[in-house]
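> task: produce atomic coordinates for the following.
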Amino acid sequence: MADGYRSGGTPGGKWGCGVAALVGLPLLGFVILFSALGDCVPEAPCHHDLDWLLIAAALAVAAIVGFGSRAAINAIISRWHNGS
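Take a look at the predicted model:
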């Protein structure tokens, strides 16, 4: 305990989570804004509802970016430590 707190996560995991948040939060914000500002047809009743397919796609993109950057950063750090 003399050398301080050390978390259990890898550097790639920490950076991957941060990158996923930086990509996912604005993307989800745009999806919600897009759903709220949707166009209504004059003859039909207007129901502004969340588009769950777009939300699922935004979450999938954020997850892919997060896991991809995690794997890439861990691979780079592994190669750097091994000297190759």
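
> who does the lengthiest helix in the chain touch, helix- and strand-wise?
Within the chain, and with DSSP state H defining each element, the longest helix by residue count is helix 52-82. With contacts taken as 3 or more C-beta pairs under 8 Å, 6 or more residues apart in numbering; DSSP states H and E, helix 52-82 sits against helix 11-36. (Each C-beta comes from the backbone N, C-alpha and C, glycine too.)

> and the angle from the helix it packs on to helix 52-82?
The directions of helix 11-36 and helix 52-82 differ by 160 degrees, with axes from the mean of the first three to the mean of the last three C-alpha atoms, to 10 degrees as the criterion.

> and helix 11-36, what's buried?
Neighbour counts over helix 11-36 (16 or more other C-beta atoms under 10 Å) mark 12-13, 15-16, 19-20, 23-24, 27-28, 31 as buried.

> and for stretch 69-83?
69-70, 73-74.

> what's in contact with it?
10-13, 15-17, 19-20 (C-beta atoms under 8 Å, 6 or more residues apart in numbering).

> can you check stretch 30-39 too?
48-51, 54-55, 58.

> rerun at 6 Å
The contact list for stretch 30-39 (C-beta atoms under 6 Å, 6 or more residues apart in numbering) reads 48, 50-51, 54-55, 58.

> picking that back up, format the buried residues of stretch 69-83 as CSV; extra columns: pLDDT and distance to C40.
Shown next, in CSV, are the buried residues of stretch 69-83 (pLDDT from 0 to 100; distance: C-beta to C-beta, whole Å):
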residue, pLDDT, distance to C40
S69, 91, 39
R70, 89, 41
I73, 88, 45
N74, 87, 47
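
> send me stretch 69-84 as CSV with only the CA atoms.
What follows is stretch 69-84, C-alpha atoms only, in CSV (Å, rounded to 0.1, in the frame of the first residue of the first chain):
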residue,chain,number,x,y,z
SER,A,69,-9.5,1.2,-29.4
ARG,A,70,-9.0,-1.0,-26.3
ALA,A,71,-7.6,-3.8,-28.4
ALA,A,72,-5.4,-1.5,-30.4
ILE,A,73,-4.0,0.3,-27.4
ASN,A,74,-3.3,-2.9,-25.5
ALA,A,75,-1.5,-4.3,-28.6
ILE,A,76,0.6,-1.2,-29.0
ILE,A,77,1.6,-1.2,-25.3
SER,A,78,2.4,-4.9,-25.5
ARG,A,79,4.6,-4.4,-28.5
TRP,A,80,6.3,-1.4,-26.9
HIS,A,81,7.0,-3.4,-23.7
ASN,A,82,8.4,-6.4,-25.6
GLY,A,83,10.6,-4.2,-27.7
SER,A,84,9.4,-5.3,-31.1
